[in-house]
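Peer 1: Take this sequence and fold it.
(one chain, ligands or ions: 1)
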Amino acid sequence: MPKPRAAPGLGIVKLPSGPQVCQNRSRNIGFAPQMRVLVIEDEAKTAAYLRRGLSEHGFAVEVCANGNDGLQQALAAENDLIILDVMLPQQDGWSILRALRNAGKQTPVLFLTARDTVYDKVRGLELGADDYLVKPFDFSELLARVRTILRRGPARQSEILRVADLQLDLARHKAFRAGAKLDLTAKEFALLELLVRRQSEPLSRTLIAAQVWDINFDSDSNVLEVAIRRLRAKVDDPFPTKLIHTVRGVGYVFEDRTE
Ligand code: CA
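Peer 2: Residues are numbered from 1 along each chain as shown. Here you go, the predicted model:
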C-alpha cells in the first residue's frame, strides 16, 4: 500500500463493507467542469486512497470494486478516464478493457497493477491501454500520469492512419498490411506510428530517438538501426512495395514511392 506522502492531508478512509457496489461520485463543489474518473479496484485501501486523493485534486471519482460492476459502469457512463486494476473478482482488467474497446468505447485507460513484467505491459498497451502504473506507486506519479492522459484531449476516436496497403489503428495499437495483422512490440508500434504520421518527411536519427525512446542516443549506438531492421522485417520484407527508406546521412523516411 503506497504511503500518501506526496499529497499532504491525504488520509486512508475505510470503504463501507457489505455488498460490493460502485460508490457514487463526490459532488461538484467547484466551478470548473469536473473530470470524471472511474476507478475499478477491489482492494479497499487502494480504492479509498485513489478516491480521496483524486477528489482532493478536483476529480469526480466513482469506485467499482469488482469486474462486472466496473465493466457495466464503464460502458454505461461517460468517463474521462478509467483507472483499471488487473486482478479483479469476476473478470479481470484485460477482459474489461477488451470488452470496452470491442464495444467501441475509447475512454482512456490507465492500468494499475502489481504485475510489472514486460509481457504484461505490452499486453495492456496492445489491448488499447493508454498507460501503465505498477503498484506500489506514489500518488504524485499517478496524478502526473492522469493529467498527461487527460491533456491528450477527449477520448481518442478509432483513428486509423493509412499509407498504401498499411493501416495503423491508433486506439487499438494494431497494425495491418495487406489485411494481415503485424505482430509489433509496443516500441515498434511507436516507431511505426511516428514514421507514418510524418510520412514523406525525412526524419533524423536524433529526432526518432528522442520521440520514440525519449532519450538522446550515443552517436555510436545502433539501437535505432536494430529497431528499424526489426520493423522492416515485419512491415516491408514480406511485401513487394517497400515503405521504410533510408535517407543517407540523415535517417529514415516512410513513403509509398510507387505513387
Ligand atoms: Ca486487485
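
Peer 1: all helices for this structure, in order.
Peer 2: With DSSP state H as the criterion, the chain has helices at 44-56, 67-76, 93-102, 118-126, 139-151, 186-197, 205-208, 223-235.

Peer 1: quick one: the third one to chain centroid distance?
Peer 2: The gap between where helix 93-102 is centred and where its chain is centred comes out at 13 Å by C-alpha atoms, centre = their mean, to the nearest Å.

Peer 1: buried residues in that helix?
Peer 2: Gly93, Trp94, Ile96, Leu97, Leu100, Arg101 (16 or more other C-beta atoms under 10 Å). Any C-beta I mention is one placed from the backbone N, CA and C, and that applies to glycine too.

Peer 1: Against the ion, how distant is the first one?
Peer 2: It refers to Gly93. Distance from Gly93 to the ion, counting by C-beta to the ion, to the nearest Å: 8 Å.

Peer 1: give the contact list for that residue.
Peer 2: Contact partners of Gly93, counting by C-beta atoms under 8 Å, 6 or more residues apart in numbering, are Ile40, Gly67, Leu84, Asp85, Val86, Met87, Phe111, Thr113, Gly124.

Peer 1: Now do the same for the residue lying closest to it once chain neighbours are set aside: its pLDDT.
Peer 2: Distance criterion C-beta to C-beta, 6 or more residues apart in numbering; nearest residue to Gly93, sequence neighbours excluded, is Val86 at 4.0 Å. Predicted confidence (pLDDT) for Val86: 90.

Peer 1: quick one on the thing from earlier: using JSON lines, lay out the helices of the chain together with mean pLDDT.
Peer 2: Below are the helices of the chain laid out as JSON lines (pLDDT from 0 to 100):
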{"stretch": "helix 44-56", "mean pLDDT": "95"}
{"stretch": "helix 67-76", "mean pLDDT": "96"}
{"stretch": "helix 93-102", "mean pLDDT": "88"}
{"stretch": "helix 118-126", "mean pLDDT": "70"}
{"stretch": "helix 139-151", "mean pLDDT": "91"}
{"stretch": "helix 186-197", "mean pLDDT": "91"}
{"stretch": "helix 205-208", "mean pLDDT": "86"}
{"stretch": "helix 223-235", "mean pLDDT": "94"}
